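Peer 1: Everything below, folded, please.
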Amino acid sequence: MAAKRISDEPAFVLHSYDWSESSLILEVFTRHRGRVALVAKGAKKPTSNFRPVLLPLQPLRVAYSQGGEGQADIHALKGAEWVGGHVMPTGDALLSGLYLNELLLRLTARDDPHAALFDIYAGVVRVLASKHGDALEAVLRAFELLLLRELGLLPGLDAETLTLAPLQPERRYALVPEGGLRMEAAGDRSTLAGAQWRALQWALDAAACYPATLRACAGVAAELKPQLRTLLQYHCGSPVLRTRQLMMDLQSL
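Peer 2: The predicted model follows:
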């Protein structure tokens, strides 16, 4: 069967690695077709039109061909165009963007579309490139929550997971792998009050879930961080996320 051509597909490069002396294999997150693997032939050559375009955290439009029945693991990249709109994030924002890319690589399956998640990711990347460092923690926590929810890995945040008992507004609860939301002793800093968890659930259920979740995370980002990181690492499995290890190494210098 003739190869099927996919054209004008919104995409971001998540990761690339060498395929030959002159070519690259790309892991690309697309809006309509999910994560796909593409071979960019000749992309490493100095004269290649792909060379200045195939960068992470940059909005692209790509074209590629699917061989045979479209079930091949790696497809052939035919074209890539930078959409524009923002510059490359730098510093902590760049590391944060690469961390999000690694989460998508580890947690999403190939050829499994998540259009809503793609749009949220694109919005997060715009914030990372905007130099709004004060919003960085809330943006990361919001994306982590929305990613877990989109992939069916987040329990309901308005009830205890094991008992399904409604959360008590003033009691403290922790989000833990395998156990979900459970009541914890007062004074534990890595917890949230029941009312705060319920506010997060309301935000996740809102029609405009990304801005609502971003606002809900603004005041609780520090408490959410260790809980979400532990849950994400549990679902990613071993080894430790490379970008997370890099962040920890840099902080220890």
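Peer 1: show me where the stretch 101-250 of the chain has strands.
Peer 2: Shown for the stretch 101-250 of the chain, the strands assigned by DSSP state E, counting those that start in this stretch span residues 172-176, 180-184, 192-193.
Peer 1: would CSV of those strands with mean neighbour count and distance to Leu151 be doable?
Peer 2: (Each C-beta comes from the backbone N, C-alpha and C, glycine too.) Converted to CSV, the strands of the stretch 101-250 of the chain look like this (neighbours: other C-beta atoms under 10 Å; distance: least, C-beta to C-beta, whole Å):
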stretch, mean neighbour count, distance to Leu151
strand 172-176, 21, 15
strand 180-184, 18, 15
strand 192-193, 20, 21
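Peer 1: List just the one of those strands that sits closest to Leu145.
Peer 2: strand 172-176 (9.8 Å; C-beta to C-beta).
Peer 1: ok, and what's touching the closest one?
Peer 2: Strand 172-176 is contacted from outside by 155, 157, 160, 167, 181-188, 190-194, 197, 227-228, 230-231, using C-beta atoms under 8 Å, 6 or more residues apart in numbering.
Peer 1: Quick check on those residues: which are buried?
Peer 2: In terms of neighbour count (16 or more other C-beta atoms under 10 Å), the buried residues within these are 155, 157, 160, 167, 181, 183, 190-194, 197, 227-228, 231.
Peer 1: Ser96: which of those is nearest?
Peer 2: Comparing the buried ones among the contacts of strand 172-176 against Ser96 with C-beta to C-beta places Leu228 closest, at 13.6 Å.
Peer 1: and the closest one, what is it in contact with?
Peer 2: Applying C-beta under 8 Å, 6+ apart, we find Leu228 in contact with Arg141, Glu144, Leu145, Leu148, Leu175.
Peer 1: which of those lies closest to Phe50?
Peer 2: Closest to Phe50, out of all of those and judged by C-beta to C-beta, is Glu144, at 31.3 Å.
Peer 1: Domains in the protein, by residue range?
Peer 2: Per automatic domain parsing, the structural domains of the chain span 4-82, 91-251.
Peer 1: Okay, now the unreliable bits of the protein?
Peer 2: 1-3, 67-72, 132-133, 185-189, 244-253 (pLDDT under 70).
Peer 1: So for it, the centremost residue is which one?
Peer 2: For the chain, the residue nearest the mean C-alpha position is Leu100 (4.0 Å; C-alpha atoms, centre = their mean).
Peer 1: Can you tell me, leaving aside adjacent residues, what's nearest to that residue?
Peer 2: Phe143 (6.1 Å; C-beta to C-beta, 6 or more residues apart in numbering).
Peer 1: My guess is the one you found contacts Val124. True?
Peer 2: Yes: using C-beta atoms under 8 Å, Phe143 is in contact with Val124, at 5.1 Å.
Peer 1: Give the helix, strand or coil label for Asp8.
Peer 2: Secondary structure, DSSP: H, G, I helix; E, B strand; the rest coil: Asp8 is strand.
Peer 1: tally of neighbours for it?
Peer 2: Asp8 sits with 9 neighbouring residues when counted by other C-beta atoms under 10 Å.
Peer 1: ok, now which ones touch it?
Peer 2: For Asp8, the contact set (C-beta under 8 Å, 6+ apart) comprises Arg61, Ala63.
Peer 1: State the distance from it to Ala63.
Peer 2: As judged by C-beta to C-beta, to the nearest Å, Asp8 and Ala63 stand 7 Å apart.
Peer 1: How about Ala221?
Peer 2: Applying C-beta to C-beta to Ala221 and Ala63 gives a distance of 39 Å.
Peer 1: circling back to that earlier point, so which of the buried ones among the contacts of strand 172-176 would you say is closest to Phe29?
Peer 2: Checking these one by one against Phe29 (C-beta to C-beta), the nearest turns out to be Leu228, at 20.2 Å.
Peer 1: anything in contact with each of Phe143 and Val124?
Peer 2: With C-beta under 8 Å, 6+ apart, Phe143 and Val124 have common neighbours Leu100.
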